[in-house]
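Undergrad: Pasting a predicted model and its sequence here:
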Amino acid sequence: MKALTLSVALFVLLGLAPGLSGSEHAELAHSGAFGSHPVKVLLLGDSIALTLGIGLAHDAKVNYGIDIDNKSTLGCDLDPSLEIITSGKPGPATPGCPEWRELWPFLTASVQPDVVVLGVGRWEVGDHFYDDQWVHIGDPLWDNHVAADLKQAIAIFNLFGAKVVLLTLPYLDPATRQPDGQPWPENSMEYISRFNQLTRQVAKSMPHEVTVIDLNKMLSPNGKYDTVVDGVRVRWSDGVHVSYAGGELLQRSILPTIDRIGLADERRVKVTGERLHQKVLAEQRALAAAARAKAERKHYAREQVRKQLDW
């Protein structure tokens with residue numbers, strides 16, 4: 001702890017943000033990251049990502065040259081139409097991301113991020129009723145489905161020229177437990193570890209586009225749920241969400257990685273001169289996505305009318 005504090009103090013004296021080297025800081029400054037050309041980040045996902053992003057964004061542009069647009073939502077289940085079991089009771093999935101396939105292209109086209117950070121898993125680890133059966137993380141059927149969802153989301157972000165960061169799901173410790181005192185399956189280390197393994201497998205299949213940041217290891221450095229890291233209370237009392245102070249603390253672990261992704265992309269763009277081309281393509285794709293979504297809504301409306309008439 002003392003060594004860590006001295007290290008941070010040294011970075012402050014040198015005018016550098018913790019985690020960045022002098023050359024990286026200079027390259028960010030030269031590219032205008034601390035001014036009119038920050039590394040633009042779109043943060044999407046569930047309420048864990050949402051609460052993480054609040055502290056993570058504090059003075060992020062001043063210290064790291066990063067502009068974070070936090071569009072995460074409460075209860076973001078990538079499969080909101082399926083039934084889910086929470087705390088032993090079946091019910092509808094949380095409706096936080098009901099139309100993510102239509103919304104996220106619009107958000108990506110609007111923000112034009114260099115990097116999209118996606119933090120999901122809180123709801124994907126729950127048992128879902130899928131393909132006429134109850135499945136859970138670790139079942140090949142459900143694992144393949146979740147992996148396909150993640151790949152589809154990544155494809156959306158890549159379509160607009162953004163690199164992608166996947167966050168691992170941190171261990172949880174909510175107050176609700178089974179009658180025998182054990183955590184419900186969706187809160188167990190086993191389910192969470194399996195989801196994180198799946199996340200890494202997806203990223204490994206797309207190494208040039210996707211980076212994994214191990215949020216779980218940062219929040220649980222001892223391999224179990226922790227409320228305090230380096231003397232800072234990093235979690236809410238609900239045992240799920242990330243505190244404001246926790247988000248601030250993790251800046252030094254998360255933001256330098258994002259800066260390096262942004263810098264690598266900047267170097268590539270300078271070589272290829274494709275920034276304007278990417279912007280034009282993004283606008284064209286946004287218009288195409290809008291037209292496609294409009295057509296799908298019309299088709300859905302016609303189908304609903306037809307079903308009512310048939311009934």
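TA: Structure received.

Undergrad: Please count neighbours and contacts with C-alpha atoms only from this point.
TA: Will do.

Undergrad: What segments of the stretch 51-200 of the chain are strands?
TA: 66-70, 83-86, 89-92, 115-119, 127-130, 133-135, 163-167 (DSSP state E, counting those that start in this stretch).

Undergrad: which SS state does T211 fall under?
TA: strand (DSSP: H, G, I helix; E, B strand; the rest coil).

Undergrad: Identify the bridge partners of the closest residue to it other than its chain neighbours.
TA: By the measure of Cα to Cα, 6 or more residues apart in numbering, the closest residue to T211 outside its immediate chain neighbours is V165, 4.8 Å from it. Per DSSP bridges, the residues bridged to V165 are V117, T211.

Undergrad: Pull up the gap between V165 and G22, please.
TA: 24 Å (Cα to Cα, to the nearest Å).

Undergrad: ok, those two, which is more surrounded?
TA: Neighbour count, other Cα atoms under 10 Å: between V165 and G22, V165 has more, with 23 against 14.

Undergrad: Just to check, the more buried one is in contact with H208?
TA: No: proximity of V165 to H208 does not meet the contact threshold set by Cα atoms under 8 Å, at 11.3 Å.

Undergrad: Find residues that contact each of these two.
TA: With Cα atoms under 8 Å, 6 or more residues apart in numbering applied, the contact sets of V165 and H208 do not overlap.

Undergrad: need the helices for this structure, in chain order.
TA: Counting by DSSP state H, the segments of the chain that form helices are 2-14, 22-31, 47-56, 60-64, 100-111, 140-159, 189-204, 215-219, 244-249, 251-272, 275-310.

Undergrad: what's the distance between D132 and D149?
TA: According to Cα to Cα, D132 and D149 sit 19 Å apart.

Undergrad: Those two - which one has more neighbours?
TA: A count of neighbours by other Cα under 10 Å puts D149 above the other of D132 and D149, at 15 against 7.

Undergrad: wait, doesn't that one sit right on R101?
TA: No: counting by Cα under 8 Å, D149 does not reach R101; the two are 9.6 Å apart.

Undergrad: hmm, which helix or strand of the protein has the shakiest average pLDDT?
TA: Ranking every helix and strand in the chain by mean pLDDT, DSSP states H and E puts helix 2-14 at the bottom, with a mean of 47.

Undergrad: ok now do the residue nearest the centre of the chain, which residues does it touch?
TA: Closest to where the C-alpha atoms of the chain average out (Cα atoms, centre = their mean) is L118, at 1.7 Å. Neighbouring residues of L118 by Cα under 8 Å, 6+ apart: L43, L44, G45, A49, V164, V165, L166, L167.
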